[in-house]
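1. only geometry, no sequence info:
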């Protein structure tokens, strides 16, 4: 699925975490970051096509796939988007890229959002796929959104309540979450489901819970502090959403993003749900290629 790409495991500045990924192609560097409950496998229909014009790096976030999954700290800071962003900057520097473009989906987009704030000299362009900034989501909660995105609060419950409830039910959880749970789901091949089931281990579930615990606490506070200080993302930002996803249905995503960035170059709704790179790969590739060119 990634013919011509080289697989790597790179040690980050956190001694407990190595990041698994692949790199291929030639040209300006582009980093691709997946969401929950996915891995870099998510980009298989997009990355090889981008590699015709770009050097493409696709990785597993910490806590996901085959990357490191440390035990969460009491304040969840080792699963904050700040820490996850630093992992990816470490990877790109190891590969020789001090400056690069990034596209992130779901939790990967939130990682890229923090990366653009913390490392503005490194991020040349940012494409955020089917999210609004974490601060905006938590401050604009609606009944409809909660019913379709229950996992934000469920996964964020204290250790180890959600971990215990999901233990032994990993395949059931993945099939339900990707297939029918909430708006914009479905469209996954059996091969994709099996890959995501393979990676849904107890350690992964703990990492995901820590990710959401951080999102509801220290990530929110970081975003709030930046907003109050007037710190916005300065690089060009493209927002892609699935027209049938919860992002498109429950939020005014163009207005929401405008609060947090200074150079919003466009907001594009694709004919799909929450997973554009798997549900509408042609349109996703075309928009990324145009934006990064």
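-> Cool, the structure landed. This is a predicted model, so every value here is computed, not measured.

2. helices along the stretch 151-293 of the chain, start to end?
-> Counting by DSSP state H, counting those that start in this stretch, one finds helices in the stretch 151-293 of the chain at the ranges 151-154, 161-166, 170-179, 190-199, 202-216, 218-229, 246-250, 253-258, 276-279, 281-292.

3. from residue 77, how far off is residue 86?
-> 11 Å (CB to CB, to the nearest Å). C-beta: built from backbone N, CA, C; applies to glycine.

4. of the two, which one has the most company?
-> Just comparing residue 86 and residue 77: by other CB atoms under 10 Å the higher neighbour count belongs to residue 86, 21 against 15.

5. nearest spatial neighbour of that one, chain-adjacent residues omitted?
-> With sequence-adjacent residues excluded and distances taken as CB to CB, 6 or more residues apart in numbering, residue 86 is closest to residue 13, at 6.5 Å.

6. before we move on, back to that, deepest of the helices of the stretch 151-293 of the chain, which one?
-> Greatest average neighbour count among these goes to helix 276-279 (a mean of 25), per mean count of other CB atoms under 10 Å.

7. show me what that helix is packed against.
-> If contacts are counted by 3 or more CB pairs under 8 Å, 6 or more residues apart in numbering; DSSP states H and E, helix 276-279 sits against strand 237-242, helix 281-292.

8. neighbouring contacts of the longest one?
-> Pointing back at helix 281-292 there. Identification of contacts with helix 281-292 by CB atoms under 8 Å, 6 or more residues apart in numbering yields 28, 30, 45-46, 49-50, 53-54, 101, 103, 125, 127, 129, 236, 238, 240, 265-266, 268, 270-272, 276-277.

9. restricted to buried residues, select those in PyMOL.
-> To isolate the buried members of those in PyMOL, using 16 or more other CB atoms under 10 Å:
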select buried, resi 28+30+45+46+49+50+54+101+103+125+127+129+236+238+240+268+270+272+276+277
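
10. which of the contacts of helix 281-292 fall within strands?
-> 30, 101, 103, 125, 127, 129, 238, 240, 265, 266, 268, 270 (DSSP state E).

11. with distance to residue 284 and pLDDT added, can I get these in JSON lines?
-> As requested, the ones in strands among the contacts of helix 281-292 are exported to JSON lines (distance: CB to CB, whole Å; pLDDT from 0 to 100):
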{"residue": "30", "distance to residue 284": "13", "pLDDT": "99"}
{"residue": "101", "distance to residue 284": "15", "pLDDT": "99"}
{"residue": "103", "distance to residue 284": "9", "pLDDT": "99"}
{"residue": "125", "distance to residue 284": "15", "pLDDT": "99"}
{"residue": "127", "distance to residue 284": "9", "pLDDT": "99"}
{"residue": "129", "distance to residue 284": "8", "pLDDT": "98"}
{"residue": "238", "distance to residue 284": "11", "pLDDT": "98"}
{"residue": "240", "distance to residue 284": "7", "pLDDT": "98"}
{"residue": "265", "distance to residue 284": "16", "pLDDT": "97"}
{"residue": "266", "distance to residue 284": "14", "pLDDT": "97"}
{"residue": "268", "distance to residue 284": "10", "pLDDT": "97"}
{"residue": "270", "distance to residue 284": "7", "pLDDT": "97"}
